[in-house]
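# Turn this into a model:
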Amino acid sequence: MEPDDLSDLADPSFSAVVLAGGTAVRLDGADKASVELHGRTLLTHALDACLDAAEVVVVGDPVPTHRPVTFTREDPRHGGPVAALLTGRDALLRPVRLVGVLAVDMPHVGPETFARLRRAVGDGPAGRDGAVLVAPDGRHALALVLRTDRLDGVRPTREGQHGMALRRLLARLDLAEVPAVGREHRDVDTWADLRDLADD
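Model (predicted):
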């Protein structure tokens, strides 16, 4: 599908932020966005998962992509997921009701994952603040959808973002938990993880 065709599929109320600027210490400092699985980069997998998003911001260093995205970086760099998420949120060019958040190293998350998360949020003022993907062991994965207004209502100061634990930010929100299906919750923290996913 050509990038120009994506506008026909996009939901104008939904945008996405891909977190791709981590240090990847357990991958020997490799750029996770450029690591390949099944012949495609992890960033390509992540962008395909955001197929329904009207706009995508990637928090990480610019690399070639198959669809239009905005690249940005948190300042200072490597400020952690909260700083990256809020930097990405601030880089969105259009107002949206929902923002999807995805770590770049979750290649089995797809558009259907985000569709389930969005349904779990619900509509109207009675809806939840967001929804998060939950692994079989109960761990919250870094794949979620948040109502933009509710996120804006709990965000810390710019100085408080750097190094803040994501669970501390999300604890202030009423999140629906959406069970992962299949391998959706799997991520790539180590080269062994990458080999395991490549063998699946």
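
# remind me, longest strand of the chain?
Scanning the chain for the longest strand, with DSSP state E as the assignment, gives strand 140-147.

# now that strand, how far from the centre of its chain.
7 Å (C-alpha atoms, centre = their mean, to the nearest Å).

# and what of stretch 42-49?
Relative to its parent chain, stretch 42-49 has a centroid offset of 10 Å by C-alpha atoms, centre = their mean.

# what does stretch 137-149 give?
Centre to centre, stretch against its chain (C-alpha atoms, centre = their mean), the figure for stretch 137-149 is 9 Å.

# Can you list the residue ranges for helices in the chain?
Residue ranges of the helices in the chain, as given by DSSP state H, are 42-49, 81-91, 111-121, 148-154, 158-161, 166-170, 191-199.

# If you average pLDDT over each of those helices, which is lowest?
Comparing mean pLDDT across the helices of the chain, the weakest is helix 191-199, with a mean of 62.

# need the contact list for the most centrally placed residue in the chain.
Nearest residue to the geometric centre of the chain (C-alpha atoms, centre = their mean): residue 102, 1.4 Å. Residue 102 makes contact with 16-19, 46, 49-50, 109, 142-143, according to C-beta atoms under 8 Å, 6 or more residues apart in numbering. The way it works is simple: take the backbone N, C-alpha and C, and place the C-beta from them, glycine included.

# just residue 169 next, same as before
When contacts are taken as C-beta under 8 Å, 6+ apart, residue 169 is in contact with 82, 85, 154-156.

# could you flag which of those residues are buried?
For these, a burial check counting by 16 or more other C-beta atoms under 10 Å picks out 82, 85, 155.

# Between the contacts of residue 102, which sits nearest residue 128?
Among those, residue 143 lies closest to residue 128 (C-beta to C-beta), at 15.6 Å.

# quick revisit: list the pairing partners of the longest strand of the chain within its sheet, with orientation.
Under the criterion DSSP bridges, strand 140-147 sits next to strand 98-103 (antiparallel), strand 130-134 (antiparallel) in its sheet.
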